[in-house]
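Visitor: Provide a 3D model corresponding to the input given below.
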Amino acid sequence: MLGYDLSRPPTAGDGSTVLVLLHGRGSHRGDLQALRPRIPEEWVLVTPQAPHPGHPWGYGPGWAWYRYEGEDRVDRGSLDWSLGALDLFLRELPTALGFTPGRTVLGGFSQGGTLSLAYALTHPGAVDGVLNISGFLVDSPTVRPEVAAEVGTPIFWGHGIRDTAVPHPLALKGRRRIEAAGATLTERDYDIGHWITPEEIADAVAFVEALS
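Guide: Numbers count the residues shown, from 1 in each chain. Prediction:
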């Protein structure tokens, strides 16, 4: 099972919302725990760590979900490995938490957002919603936007219009593919680069709270 950090309120139990957030390239499992103050206190926040060391790929001392190849292309082997590890993690999560979650929402920043979206589109109905923050839609025949439409998985996609790491046009390309497939997509753009703002987290929280 992937290593992870956990922020669990004392009141957490059956029916609680569980938010699983995946860090970006070259980071680690503790990074997105910094968002805890902006997330409803009754939610459980779980932040797993990617399985691939980032250093061999030039990503620094942290960890990575896949090897990036450019534009919206990734190395399939490293992506599939992470998707499998994440699937096992999510399947075992209720046992690790000791209760049955109400809503389980998967999201992340940059590579974490990309992997969250790819997971939802390759594992129909496994999560109740997706938060893609500054990620992209992988160009792969196995990552099918139609899946989100078929099972009704809603997607939140927040992106900075001044992002140079994952350029905004690449986000628009992915969004249009998702819309064309008929999936439920909430789009939010921000006047920022490749980072997260409090406004974006507030929008993401509102998106989760609106899920049935």
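Visitor: All the strands of the protein, residue numbers only.
Guide: Along the chain, counting by DSSP state E, strands occupy 4-7, 18-22, 44-48, 52-53, 63-64, 68-70, 73-74, 104-109, 129-133, 155-160, 185-190.
Visitor: and the ones you listed as JSON lines, adding mean pLDDT?
Guide: Below are the strands of the chain laid out as JSON lines (pLDDT from 0 to 100):
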{"stretch": "strand 4-7", "mean pLDDT": "98"}
{"stretch": "strand 18-22", "mean pLDDT": "99"}
{"stretch": "strand 44-48", "mean pLDDT": "98"}
{"stretch": "strand 52-53", "mean pLDDT": "98"}
{"stretch": "strand 63-64", "mean pLDDT": "98"}
{"stretch": "strand 68-70", "mean pLDDT": "97"}
{"stretch": "strand 73-74", "mean pLDDT": "98"}
{"stretch": "strand 104-109", "mean pLDDT": "98"}
{"stretch": "strand 129-133", "mean pLDDT": "98"}
{"stretch": "strand 155-160", "mean pLDDT": "98"}
{"stretch": "strand 185-190", "mean pLDDT": "98"}
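Visitor: which parts of the longest helix along the chain are buried?
Guide: Longest helix of the chain, by residue count under DSSP state H: helix 76-97. For helix 76-97, a neighbour-count test (16 or more other Cβ atoms under 10 Å) marks 78-80, 82-83, 85-86, 89-90, 93, 97 as buried. (Glycine included, C-beta is placed from N, CA and C.)
Visitor: Identify the residues contacting the most centrally placed residue in the chain.
Guide: Residue closest to the average C-alpha location in the chain (Cα atoms, centre = their mean): residue 107, at 2.5 Å. Contact analysis of residue 107 by Cβ atoms under 8 Å, 6 or more residues apart in numbering lists 19-22, 113, 116, 130-133, 156, 204.
Visitor: Many thanks, have a good one.
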